[in-house]
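Trainee: show me how the following folds:
(chains A and B)
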Amino acid sequence: DVVLTQSPLSLPVTLGQPASISCRSSQSLIHSNGNTYLNWFQQRPGQSPRRLIYRVSKRDSGVPDRFSGSGSGTDFTLKISRVEAEDIGVYYCMQGTQWPPYTFGQGTKLEIK
Amino acid sequence: VQLLESGGDLVQPGGSLRISCTASGFSFISYAMSWVRQAPGKGLEWVSGISSTGGSAYYADSVKGRFTVSRDNSKNTLSLQMNSLRAEDTAVYFCVKDGQWLLGDFDYWGLGTLVTVSA
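Mentor: You can find the predicted model right below:
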């Protein structure tokens, strides 16, 4: 199975400051069709997960442009350019390239300092 | 798009439960679907996925042989039959829309239904 390792697991950030979360895969996530199926999800307290980024860097409709995704192969990053209070929650990376099973990272808890 | 799960309950270890998900707002027959669970205070775990036609189904090793996923495209309904339930199956179960193929698109999630396995 593909193991996704996120870091850090806890991320205290000052409002207005940038934040960055790393997701490293135990195997390349480049599919045989050339696409890379690496997604990022946000789960606010008490809510269902919400997809923010798909295929490494494509932002979902309605997602603020302060969120961006990058990376390739086995190393991926989610960046928030300026953290706002509504960004509090847990962030997960997830791969859909080598399945079953689909696998998620452990989650990174973003909190305000 | 709306995904509404139902059927979560308190079940004894070794018991069975069937949970369902009713989909609306998209062409259900055109999309693969998955179940993802989240144990209390823990992360996300993919449980099972099924192709758009229902002809192919996949399971996590942790539930293989105990859980069965199915869909009724005439009723826009996804189901998960859970047998031989264990304490470690206690979780919120989310119904998740995938892409036209099973590639982990996971663009829409339901609110979840809580399954508690306890004596």
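Trainee: count of neighbours near the residue of chain A found nearest chain B?
Mentor: Relative to chain B, the nearest point of chain A is residue A:96 (2.1 Å; CB to the nearest CB). C-beta: built from backbone N, CA, C; applies to glycine. Using other CB atoms under 10 Å in any protein chain shown, residue A:96 has 28 neighbouring residues.
Trainee: swap in the one 10 residues further on?
Mentor: By other CB under 10 Å, the residues close to residue A:106 number 18.
Trainee: and residue B:4, by the same measure?
Mentor: Residues near residue B:4, counting by other CB under 10 Å: 13.
Trainee: so what's the residue in chain B that chain A sits nearest to closest to, chain neighbours aside?
Mentor: Chain B approaches chain A most closely through residue B:104 (2.1 Å), counting by CB to the nearest CB. What sits nearest to residue B:104 in space, not counting adjacent residues and going by CB to CB, 6 or more residues apart in numbering or on different chains, is residue A:96, at 2.1 Å.
Trainee: let me see the contact set for the nearest residue to residue A:81 once chain neighbours are set aside.
Mentor: Nearest-residue entry for residue A:81: residue A:66, 4.3 Å, with adjacent residues in sequence omitted and distances by CB to CB, 6+ apart. Contacts for residue A:66 were tallied using CB atoms under 8 Å, 6 or more residues apart in numbering or on different chains; they are A:80-82, A:84.
Trainee: wait, residue A:39 sits on residue A:102?
Mentor: No: counting by CB atoms under 8 Å, residue A:39 does not reach residue A:102; the two are 9.5 Å apart.
Trainee: which residue packs closest to the most centrally placed residue in chain A, ignoring adjacent ones?
Mentor: Among the residues of chain A, the one closest to the centroid is residue A:40, at 3.2 Å (CA atoms, centre = their mean). Nearest residue to residue A:40 in three dimensions, chain neighbours excluded: residue A:53, at 4.1 Å (CB to CB, 6+ apart).
Trainee: would you mind giving the contacts of residue A:66 as a markdown table with distance to residue A:32 and secondary structure added?
Mentor: As requested, the contacts of residue A:66 are exported to a markdown table (distance: CB to CB, whole Å; DSSP: H, G, I helix; E, B strand; the rest coil):
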| residue | distance to residue A:32 | secondary structure |
| --- | --- | --- |
| A:80 | 32 | strand |
| A:81 | 34 | coil |
| A:82 | 38 | coil |
| A:84 | 39 | coil |
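Trainee: now, of those, which are buried?
Mentor: Buried residues within the contacts of residue A:66, counting neighbours by 16 or more other CB atoms under 10 Å in any protein chain shown: residue A:80.
Trainee: now, the most widely separated pair of the contacts of residue A:66?
Mentor: Spanning the widest gap among these are A:81 and A:84, at 10.2 Å by CB to CB.
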